[in-house]
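Asks: no FASTA, just this:
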């Protein structure tokens, strides 16, 4: 058996099995995140939400999937056909590829590489291309304006997110995501780095185009933004990509600030719960806050969005990064 998993075919089969073991639950989670969002929003607005398809409406995601599959894919006459169809696939694939380095438990990662953070930076930077291609290839002024908004928004908030992540990396001394979680065995980073955790979470809202930063999809002025011309499964891929990115950003928040798979207190009965369960519960908490924010805050104006990113988050995260480095150096935690 060991010989089988040491040859190229065995390694390939093992990698495929690992990928399926991660992606299948992830896709089910994406489907039921749409259901959970509608239920939570309904509860916050004193409505019932989905309650017809199946008991308590639990089969609603499958009904939505069947509806999308049955619809016709319409390509506008003036659109660039190849790029138009490629954009949603690119967005969805990148949302899936990022999970290759996410450790669900100690040693539970498809690729436990030493530069996991850099890999996530690269994938998240490529994500903007799917949006820009969709806006340009649609040959619609509304889609193009939405794509421009999204590109500027994602680039702007990635800068402050980068400074936040560098602050965490200074405290850990490693780019490996597993090492970042292990470094939080004494105290989760959300406690000493609380302001940076808040900035990071708000930046993830902007990065995933979620309310109150859903300006690329602004229905009141842009109809539906960069995917206004999409229908059927091409629209569904954008939808799935957005929700997969929400789960990804929640997982990253969990790893960087909430101790990953570690329990809140390393005593019974907390340490009886398996690590992956803690990891999933923390992701669910972050996702609940995503939905809570959507139900609570009105949409920002675009100038307010950019001002917040460049004039508040960027200088504050830079100052906190310098302060953290100074404290670590004075206390002897930072290498010379």
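Replies: Right, received. Where do you want to start? Since the model is a prediction, treat every value here as computed from it, not as a measurement.
Asks: report the buried residues of whichever strand or helix holds residue 121.
Replies: Element membership of residue 121 [criterion: DSSP states H and E] is helix 116-137. Buried residues in helix 116-137, counted by 16 or more other Cβ atoms under 10 Å: 116-117, 119-121, 123-124, 127-128, 130-137. (Glycine included, C-beta is placed from N, CA and C.)
Asks: quick one: list the elements packing against the helix or strand just after that helix.
Replies: Using DSSP H and E, the next helix or strand after helix 116-137 towards the C-terminus is helix 141-172. If contacts are counted by 3 or more Cβ pairs under 8 Å, 6 or more residues apart in numbering; DSSP states H and E, helix 141-172 sits against helix 116-137, helix 177-182, helix 194-207, helix 219-222, helix 232-257, helix 302-307, helix 314-331.
Asks: any idea of the angle the first one forms with helix 232-257?
Replies: The reference is to helix 116-137. 150 degrees (axes from the mean of the first three to the mean of the last three Cα atoms, to 10 degrees).
Asks: for the remainder of this discussion, apply numbering that starts at 2.
Replies: All set: I'll call the first residue 2, so the last point we hit is now helix 117-138.
Asks: next one: helix 117-138 to chain centre, how far?
Replies: 12 Å (Cα atoms, centre = their mean, to the nearest Å).
Asks: quick one: contacts of stretch 250-270?
Replies: 100, 103-107, 121, 165-166, 169, 178, 181-182, 185-186, 189-191, 194, 198, 201-202, 205, 208-209, 271-272, 274, 276-277, 279-280, 283-284, 287-288, 291 (Cβ atoms under 8 Å, 6 or more residues apart in numbering).
Asks: buried ones among the residues you listed?
Replies: Judged by 16+ other Cβ under 10 Å, buried ones among the contacts of stretch 250-270: 100, 103-106, 121, 165-166, 169, 178, 181-182, 185, 189-191, 194, 198, 201-202, 205, 208-209, 276, 279-280, 283-284, 287-288, 291.
Asks: mind checking the end-to-end distance for stretch 72-83?
Replies: 20 Å (Cα to Cα, to the nearest Å).
Asks: can you check stretch 131-149 too?
Replies: Stretch 131-149 has an end-to-end distance of 12 Å (criterion: Cα to Cα).
Asks: any idea how far it is from the chain center?
Replies: Distance, centroid of stretch 131-149 to centroid of chain: 22 Å (Cα atoms, centre = their mean).
Asks: got the contact list for that stretch?
Replies: Under Cβ under 8 Å, 6+ apart, the answer for stretch 131-149 is 77, 79-81, 84-85, 87-89, 91-92, 95, 151-152, 155, 217-219, 223-231, 239, 242.
Asks: filter these to the buried ones?
Replies: The neighbour count (16+ other Cβ under 10 Å) marks 77, 80-81, 85, 87-89, 91-92, 95, 151-152, 155, 217-219, 223, 225-231, 239, 242 as buried among those.
Asks: quick one: contacts for the residue lying closest to residue 196 once chain neighbours are set aside?
Replies: Computed as Cβ to Cβ, 6 or more residues apart in numbering, the closest residue to residue 196 that is not its neighbour in sequence is residue 321, at 6.2 Å. Contacts for residue 321 (Cβ under 8 Å, 6+ apart) come out as 164, 168, 194, 196, 197.
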